[in-house]
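Whatever this is, show me its structure:
(one chain, ligands or ions: 2)
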Amino acid sequence: MRNICRFLPLILSLFVWGNGSAQTYGNEWINFSQQYYRFPVSQDGVYRISYATLVASGIPLSSIDPRRIQIFAKGEEQYIYINGESDGVFGTSDYIEFYAEHNNGWFDTCMYANNTDQPNPELSLFNDTLVYFLTWNSSITNRRLTPETDKNFTGYTAETYFWYTARMNYYSTYFAGETDDYGVTVPEYSNTEGWFDRAFDPNDTWDPGPYTRSVYTYSPYNAGPPAKLEMHLVGASDYAGLSPDHHVLMTGAGLNFDTTFNGYIPLHLSFSVNPSQLTSSGTQFVFTMPNDLGSNADRVALSYIDIEYPHSIDLGNATSISFEANDGAVLKAYFTLSNLGSPVTDSVLVYDNTNHKRILTLRSGTSVRFLVPNTGTQKKCFLVSESSVKAVTTLRPVN
Ligand SMILES: [Ca+2]
Ligand SMILES: [Ca+2]
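Ligands and ions are numbered 1, 2, ... in the order given. Model prediction:
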């Protein structure tokens, strides 16, 4: 009887799960009769897997029609390009190409009671590496990028800017969140728990502030629409018997912000900023803690500063860049970007990751021209020079 009692909760919970037909487990993407090979990705970018790498990893390419190949990440089939797949044979110069991302905070979100509790959705608490999986099924119609080969720019007016996000994530210090009277934190992830910059603390004799933080905002387009500035701070102390106990001043980008608040709570700040207030060499924000409330515990921690701004067509010697393209009334948005940093012999590709398109470009010297089809929404794009395409160097069998 004692043994049955021990297992009863488990049996009951299995029964409940069995009844819930809508229950999913996150592993629905796996086909257990297929073989899977894994490889790690810790940086965003365009990746290629060569014939030689696939063969060296033990994948029986000679018996696989390349059109059957699939790549999965985050439980979803990815859109890929396979050079030379149309003949049904994976030749020695054929390769797989796709855009891949590192691991950010997307999966950690579920550990917080509310999505908005997560102090930095762009930063994983545990690991920056995402695992990608390669497999092949029996179909020859799998997810593929749509090729865009149009290089006829006649009749188009060039875009004057694109959207660029400059972001600083801070992660030098882990805060466990609010503590109770005994100095113990709650077991779940609270809204003041995660990775932050070292706390701003006016009672710290070594470093009482002001604290200056700089964000690299190269080449803002001054005639463009307002930039969107976001900052996330939390109270990292609570001085008992006093409310409010935090006082923060912030200046920078033409702003002058002054606030007081109490205890362990998040302080998410959003501002609209004229792009002319941003500086190419770095926009500086100064945080001052006046220490004028009589609070003996006034620690405030910063998790990120994010600035989405209109960026001029000057790429500033970059060899690759992540950007967003506005939607427009014309069929395609025409970009002519200058000051590309890669060797002039390098070809350049643009990925529209919103619409899963692989766009060819026309390069001349340090400038590059291309057309992004308009589809009714702003498009997340990635421009990459040939020499900045990353290679997957090894894949490991999973099963
Ligand atoms: Ca081929
Ligand atoms: Ca207090």
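
Residue 67: how many residues sit nearby?
For residue 67, the count of nearby residues is 17 (other C-beta atoms under 10 Å). To be clear about C-beta, it is placed using only N, CA and C from the backbone, and glycine gets the same treatment.

any idea how far the nearest residue to it once chain neighbours are set aside lies from ligand 2?
The shortest distance from residue 67 to any non-neighbouring residue, by C-beta to C-beta, 6 or more residues apart in numbering, is to residue 140 (3.9 Å). For residue 140, the distance to ligand 2 equals 65 Å [C-beta to the ion, to the nearest Å].

how about the residue in the stretch 251-399 of the chain positioned nearest to ligand 1, phi and psi?
The minimum distance from the stretch 251-399 of the chain to ligand 1, using C-beta to the ion, falls at residue 358 (17.2 Å). Note on residue 358: its backbone torsions stand at phi -110, psi 110 [degrees, to the nearest 10].

and it, what is it in contact with?
81, 97, 145-148, 349-351 (C-beta atoms under 8 Å, 6 or more residues apart in numbering).

ok, now residue 70?
Per C-beta under 8 Å, 6+ apart, neighbours of residue 70: 77-78, 80, 134-137, 142-143.

May I have the beta-bridge partners of it?
Bridge pairing for residue 70 (DSSP bridges) gives the partners residue 135.

Check the one 10 residues further on too.
Beta bridges link residue 80 to residue 144 when assigned by DSSP bridges.

thinking residue 355 is in contact with residue 374, fair?
No: taking contacts as C-beta atoms under 8 Å, residue 355 lies outside contact range of residue 374: 9.7 Å.

Can you get me a residue count around residue 40?
17.

any idea which element it lies in?
strand 36-41 (DSSP states H and E).

contacts for that strand?
Contacts of strand 36-41 (C-beta under 8 Å, 6+ apart): 30, 47, 49, 57-59, 73, 100-103, 129-135, 392, 394-399.

If any of the residues you listed are buried, give me the PyMOL selection for them.
Buried residues among these (16 or more other C-beta atoms under 10 Å), as a PyMOL selection:
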select buried, resi 30+47+49+57+59+73+100+101+103+130+132+133+134+135+392+395
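
now, which of the contacts of strand 36-41 lie within strands?
47, 49, 73, 100, 130-135, 396-397 (DSSP state E).

closest to ligand 2 among those?
residue 130 (40.0 Å).

Which strand residues bridge that closest one?
Under the criterion used (DSSP bridges), residue 130 bridges to residue 41.

Same check on residue 396?
Bridge pairing for residue 396 - DSSP bridges - gives residue 38.

I'd guessed it sits against residue 59; true?
No: counting by C-beta under 8 Å, residue 396 does not reach residue 59; the two are 11.0 Å apart.

Give me the neighbour count for the closest residue to ligand 2 within the chain.
Closest approach of the chain to ligand 2 (C-beta to the ion) occurs at residue 245, with a separation of 4.0 Å. Neighbours of residue 245 under the rule other C-beta under 10 Å: 22.

and residue 116, helix, strand or coil?
Following DSSP: H, G, I helix; E, B strand; the rest coil, we place residue 116 in the helix state.

show me the contacts for it.
With C-beta under 8 Å, 6+ apart, residue 116 has these contacts: 191, 266, 268.

one more time with 10 Å, if that's ok
Going by C-beta atoms under 10 Å, 6 or more residues apart in numbering, residue 116 touches 109, 191, 266, 268.

filter those residues to the buried ones?
Using 16+ other C-beta under 10 Å as the burial test, the contacts of residue 116 include 191, 266 as buried.

which regions of this protein sit below the pLDDT cut-off?
Scanning the chain for pLDDT under 70 picks out 1-21.

neighbours of residue 342, just the number please.
So residue 342, with other C-beta under 10 Å, has 21 neighbours.

typo on my end, it should be residue 389
Neighbour tally, residue 389, other C-beta under 10 Å: 17.

surely it meets residue 45?
Yes: counting by C-beta atoms under 10 Å, residue 45 is a contact partner of residue 389 at 7.5 Å.

would you say residue 276 is within a helix?
Yes: checked against three-state DSSP, residue 276 lies within a helix.

okay, the ones in strands among the contacts of strand 36-41 in JSON lines with distance to ligand 2 next?
Output for the ones in strands among the contacts of strand 36-41, formatted as JSON lines (distance: C-beta to the ion, whole Å):
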{"residue": "47", "distance to ligand 2": "50"}
{"residue": "49", "distance to ligand 2": "55"}
{"residue": "73", "distance to ligand 2": "44"}
{"residue": "100", "distance to ligand 2": "45"}
{"residue": "130", "distance to ligand 2": "40"}
{"residue": "131", "distance to ligand 2": "43"}
{"residue": "132", "distance to ligand 2": "47"}
{"residue": "133", "distance to ligand 2": "49"}
{"residue": "134", "distance to ligand 2": "54"}
{"residue": "135", "distance to ligand 2": "55"}
{"residue": "396", "distance to ligand 2": "52"}
{"residue": "397", "distance to ligand 2": "56"}
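
And residue 337, how far from residue 283?
Distance check for residue 337 against residue 283: by C-beta to C-beta, to the nearest Å, it reads 22 Å.

Please read the previous query as pertaining to residue 393.
With C-beta to C-beta as the criterion, residue 393 and residue 283 are 38 Å apart.

When the two are compared, which one has more neighbours?
When neighbours are counted by other C-beta under 10 Å, residue 393 and residue 283 differ, and residue 283 comes out ahead with 24 against 11.

give the contact list for the more buried one.
166, 213-217, 220, 227, 229, 252-254, 273, 277, 305, 307, 309.

make it 6 Å
Residues in contact with residue 283 (C-beta atoms under 6 Å, 6 or more residues apart in numbering) are 215, 217, 253.
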